[in-house]
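A.B. asks: Need coordinates for the below:
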Amino acid sequence: MFTAPEPAVRDRMLSARGHACALMGLVDTTGGEVWGYEGRTLSGAVYTPTGVAWLRLVSDPQGKSGGKLWEGPREAERSLPSAVPRPRLLGLRDWSTDGWDYRAEHYDFVAAPPVAKSPVLHHHADLPDIWWQDLHLALTHIALVGTDRQAVREEYIRRRVPEFTGVTPGEITWTTAHGDLHWANLTGPALTLLDWEGWGTAPIGYDAATLYLHSLPVPDVAERIRKEFADVLDTPPGRIGELTACTEILQAAPRVPFYADLADDVRQHLSRLKDPRSGSASSGR
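C.D. replies: Numbers count the residues shown, from 1 in each chain. Below is the predicted model of the structure:
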């Protein structure tokens, strides 16, 4: 999803991946590396005695691991119903060395590829109707999960949404969300939801809005999402979720190249969103 990090980080993470395979009885592969932001995570296929599996490695400076992102995948495995299509977590190992904490997560292998290699869609996605039905159903099941995890904090919304959108949100309606619903985290044509680091509570409509914004370069797909999720996006509470998703992309644009490329589309959409003729953008207007 991101480019490979600087050589020192790449070498450190590849060495740790080899150690994880030794700890967990897995056989490493070469190539096919999937990197997270600045090399914090490294994922890819591995071999087991029963076939192909998936290994995800995450690292943080020693003493700074833990918290929402670190624990998200394990808590998702414990809390989410089996009706949510996702890779099942099969094993987990932690260790520390040379000033770094590591966690290795062993998952079922998902054969269906992500809809896009980048979070932002740049090509037509020909997804069957059953895919959209399954996505609706998955988000419904997620919304019913009780949790004290926060995908988006209210303090962030109150402080950052006015700064980046010029709109002061009114009352927020909360739900449980995937928290990072973009095209590199969704497989097709069979649906699986990947990457459960950041799941938790968010404003209603936040997941749908996130997917919509990541689809803006492909208008027909963006329009499909708009129609599929009109029941939440075209409401005052859903607008707050959408304003929050806009804010996150605009805030990240200076440091993340694919968000820098998306920022103008988001700003144009934000102008339409704030147009009184398109409906209220906050419950206080």
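A.B. asks: didn't residue 266 look like it was pressed against residue 247?
C.D. replies: No. Using CB atoms under 8 Å, residue 266 is not in contact with residue 247, being 9.4 Å away. C-betas here are computed from N, CA, C, even on glycine.
A.B. asks: Who are the contact partners of the residue most central in space within the chain?
C.D. replies: Per CA atoms, centre = their mean, the C-alpha nearest to the average position across the chain is that of residue 180, at 2.2 Å. Residues in contact with residue 180 (CB atoms under 8 Å, 6 or more residues apart in numbering) are 195, 197-199, 210.
A.B. asks: Farthest pair within the residues you listed?
C.D. replies: 197 and 210 (14.2 Å; CB to CB).
A.B. asks: Neighbour count: these two, which is higher?
C.D. replies: The neighbour count for residue 197 versus residue 210, taken as other CB atoms under 10 Å, is higher for residue 210 (28 against 19).
A.B. asks: and after the helix or strand hosting that one, which helix or strand comes next?
C.D. replies: Residue 210 belongs to helix 206-213 when assigned by DSSP states H and E. Sequence order places helix 219-228 as the next helix or strand after helix 206-213, per DSSP H and E.
A.B. asks: Mind listing what's buried along the helix or strand just after that next one?
C.D. replies: Next helix or strand after helix 219-228 toward the C-terminus (DSSP H and E): helix 230-233. For helix 230-233, a neighbour-count test (16 or more other CB atoms under 10 Å) marks 232-233 as buried.
A.B. asks: Provide the contact partners of helix 230-233 at residue level.
C.D. replies: With contact meaning CB under 8 Å, 6+ apart, helix 230-233 is reached by 204-205, 208-209, 212, 226, 238-239, 241-242.
A.B. asks: Show me the strands in the stretch 101-250 of the chain, by range?
C.D. replies: 174-177, 200-203 (DSSP state E, counting those that start in this stretch).
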